[in-house]
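> have a look; sequence and predicted model below, questions after that.
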Amino acid sequence: MNSFLNERKYLSCRHSVDSELPNESIASLYPVADNFVLDDGGETRSPKSLVQLCIDSICRNLADFDQDIPSGLPQELVDELLRSLVNHSALNVSTLKALRKCELGQLPLQRCRGVSDEWLIALNNEDSAPNANGNYQYLDEEVDNSSSTSSFHSAFSTPRKLPMTSPLLLGDNAIADIAISTGTTMVDMRHVSATASTTVLDLRGSQKLTDRGLLHLQYLSALEVVRLDHCHSISGYGLIAFSNSHLIHTLTMSNCRCLTDEAISKIGHLSLLTSLALDGCRCLTNISLRTIGALTNLTKLDVSQCDLLTDDALIHLHQLIYLEELSLGWCRRITDRGIQILADQPLRQDNLLTLCLARCQISSVGVRHLARLKALQNLDLNGCCEVKSFVLGETLSSLGNLQSIDVSYCPGILRSSWQGKIDSLKVLDLCYAAVKDVHLSRFTNLPLLEELNFDSCAVGDWSLAHLVDNNVVPNLTSLSLGDCDISDEGMAHLPKFTKLKSLSLFYCDISNAGLQHLSTMNSLENLNLDSRDISDDGLYYLRKLNLKCLDIFSGRITDVGCVHIGKIKSLECLELCGGSIGDLGCSQLAENLENLTSLNLAQNELITNNGAFALAALSKLKSLNLSYTSASASSLLFFKGLRQLQSLAMYGCRGVRKGKKVESLHSEMPNLKCLRIDGSSENDGTVDISSFSQEGFSSHDKDDNSISSEMDYEDLSFGDDNESEDDEHCEENMEVE
């Protein structure tokens, strides 16, 4: 990270835009120009189908309707209405409420901004909802969010006080014949519950959502998939809403930090559950594993970063004989004894395919037990630095099905030869593992290897020559050599990797002359060249490549270099930081790179508002970083037309602070989820912009310090102008389309 940025850390924080779209902005999301579809490459246009025109018209005015959309519409039409609202980012509490009389097959709110309890309350077409104790109350009564989690009851083990005709007592088959009392009238719930037929509920990243909101979701007997990742305000008693959802097979609650053991007891009745993700739920203890151990159909379980779990917790997994994927990463109380417990369990050696033990306190003793897991295909030992090379090599010889292994941060792990023991391997991650040329000399044939990572290892030009000249890795598609001893001389060997798609050379000792060897690598899609020795002249050799992502974070690039880059029409992700790019360079990029979705031009001080105006023509942008440029607050007006923009960073830009100009962006830009400016509050949340993170740029694996930062300060992520690295730590609201 640039030292200049380190000095500015105290000023800059990430700001999560969580305000919902105002009603008056919805019509603008359905412009009349969208009534046509373009043909022949945009030369001609024809009107949309009548059905689609009607859907657009309804959605355009939905927030202004006096009444709800009536029930009884064909399911296909309801699905199209909801899909259109989601795709146009036009969902808010008003438009969702208008659908409350319709049967919603899915409820995909993960991409929506400002989801809160009021959204789910709006779906109710009745006057009452069950509270945390199972009693019904009127919707205008307050649910006590301050109550302790110890006061709510298990959905399957504790009797609940319910209305006499509740389906929670009568079962699924009785739902069609019952009526729930709502005040003074009896209402047939088949005709009023919008979620009665919902099979998928996706609320990922809804930071404002609480248990109170979940409790207003009723009659969820058809649910099959529930995703609540990063819903930080959910403590657990809201899971009672799923008491009758016996068909759920997938449940994800990653980073729901307030969940406790008693909350997990609310899902113990989900006997059909096959996939459960609880990673980052750091309050869970061995008691939760006791509940999970009764879910005998589980095939996938993720409890990584659940710090309180110990070896004894694994005893409770004894009955999970169908388990195929298990993640215990960063559970630092898991030791060799836990691995032995796991390996001794019935059918574990036949069924377990993926095992993550990153940063667990295991040594060579534990690794020997892994040799019994014959079916293992993916193994993560990242940071298990007590493991010895010779012992792991012996274990690998017993794991003939292994396809992927991560031994990053395991110094000296290749001191003994693994040749002939990893013939089936497709992915080998060795970053920060102190690998040297002499270690690689022992490899003579890795026929299936596709991905190889040597970041920050003492690997040099000789290793490249050895791998290529001896055809050691004939099928290699991804090679990461960041911070290795690679020079221009070694670059000459790279074109011989004819199938290479991703190449990382950040912080290598290469110059413009070395880039000429890349000019014939037509299969390359992702290229990372972070180096101060790269300038405009070197970019000339990249003009004919079919790159999708190009990272020259610290290169000395000017407007002339932008002319060369403009020839790479296929680019979708571009980083050109710390150079001398000005407004003319911005114009070159905007005119030629129409497919860009992510652009980082931070620390180019010659860029002014004129350059920002030019960049506003890139209509497909989802991420834009102009931090520490000379663009000012006035440039914000230009970006209002970027309807797809989800992340905007303008740290250090004159006048860009919280105020009316910034707040106006919230309503003008419906997809904006992450705004990085000076003066943000430390309490601002973080968001997921993984849709911009591109394969091939994740060059910095987690170390102890980054893990500590991620765990202890998850609400505060400091600014880093290297967008690809920065985005790895934003994990909450945005989703890949």
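Noted; the coordinates are in hand.
> in three-state terms, label Val78 for me.
helix (DSSP: H, G, I helix; E, B strand; the rest coil).
> list the contacts for it?
Taking CB atoms under 8 Å, 6 or more residues apart in numbering as the contact definition, Val78 lies against Leu99, Cys102, Glu103, Leu104, Gly105. Heads up, the C-betas are built off the backbone N, CA and C, glycines and all.
> among these, which one sits closest to Ser634?
The closest of these to Ser634 turns out to be Leu99 (CB to CB; 39.7 Å).
> neighbouring contacts of the helix or strand where Ser397 lies?
Here Ser397, judged by DSSP states H and E, is contained in helix 389-398. The contact list for helix 389-398 (CB under 8 Å, 6+ apart) reads 364, 367-368, 370-372, 374, 381, 402, 405, 407, 412-418, 420-422.
> buried residues of that helix, list them for me.
Along helix 389-398, these residues count as buried under the neighbour rule (16 or more other CB atoms under 10 Å): Ser389, Val391, Leu392, Gly393, Glu394, Thr395, Leu396.
> how about Ile405, phi and psi?
For Ile405, the backbone dihedrals (degrees, to the nearest 10) come out as phi -140, psi 140.
> and for Gln361?
Gln361 has phi and psi values of phi -90, psi 60 when expressed as degrees, to the nearest 10.
> distance between the ends of stretch 221-230?
24 Å (CA to CA, to the nearest Å).
> and if you look at stretch 467-481?
13 Å.
> may I see the buried residues of it?
Applying 16+ other CB under 10 Å to stretch 467-481 flags Leu467, Val468, Val472, Val473, Leu476, Thr477, Ser478, Leu479, Ser480, Leu481 as buried.
> tell me how far that stretch lies from the chain's centre.
29 Å (CA atoms, centre = their mean, to the nearest Å).
> contacts for it?
By CB under 8 Å, 6+ apart, the residues outside stretch 467-481 that reach it are 431, 440, 443-455, 459, 466, 493, 496-497, 499-505, 508, 695-696, 699.
> if we can go back for a sec, distance between the helix holding Ser397 and the chain's centre?
33 Å.
> again with stretch 394-403
31 Å.
> state the mean pLDDT of that stretch.
For stretch 394-403, mean pLDDT is 97.
> mind saving the C-alpha coords of it as CSV?
The C-alpha coordinates for stretch 394-403 follow below in CSV (Å, rounded to 0.1, in the frame of the first residue of the first chain):
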residue,chain,number,x,y,z
GLU,A,394,3.6,-38.6,2.9
THR,A,395,0.0,-37.6,3.5
LEU,A,396,-0.4,-36.3,-0.1
SER,A,397,0.8,-39.7,-1.5
SER,A,398,-2.3,-41.2,0.2
LEU,A,399,-4.7,-38.6,-1.2
GLY,A,400,-4.8,-39.7,-4.8
ASN,A,401,-8.0,-37.6,-5.5
LEU,A,402,-6.6,-34.3,-4.3
GLN,A,403,-7.2,-31.5,-6.8
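> buried subset of the contacts of stretch 467-481?
Among the contacts of stretch 467-481, those classed as buried by 16+ other CB under 10 Å are 431, 440, 443, 446, 449-455, 459, 466, 493, 497, 500-505, 508, 696, 699.
> in strands only, show me these.
Those of the buried ones among the contacts of stretch 467-481 mapping onto strands are Glu451, Leu452, Asn453, Ser502, Leu503, Ser504, per DSSP state E.
> ok, the second one - contacts?
Under the criterion of CB under 8 Å, 6+ apart, the neighbours of Leu452 are Leu428, Leu430, Val473, Leu476, Ser478, Leu479, Ser480.
> same check on Asn453?
Taking CB under 8 Å, 6+ apart, we find Asn453 in contact with Ser408, Leu428, Asp429, Leu430, Cys431, Ser478, Ser480.
> let me see the confidence value for the third one.
So that's Asp429. 98.
> go on, Arg532?
In this prediction Arg532 is given a pLDDT of 87.
> what's the neighbour count on it?
The burial count assigned to Arg532 is 12, neighbours taken as other CB atoms under 10 Å.
> is it in contact with Arg556, as I believe?
Yes. Using CB atoms under 8 Å, Arg532 is in contact with Arg556, at 6.3 Å.
> so where is the chain shaky, pLDDT-wise?
1-16, 40-42, 125-192, 680-737 (pLDDT under 70).
> which stretches of the stretch 251-400 of the chain form helices?
Applying DSSP state H, counting those that start in this stretch to the stretch 251-400 of the chain gives helices spanning 261-264, 286-292, 336-344, 348-351, 364-370, 389-398.
> brilliant, that's me finished.
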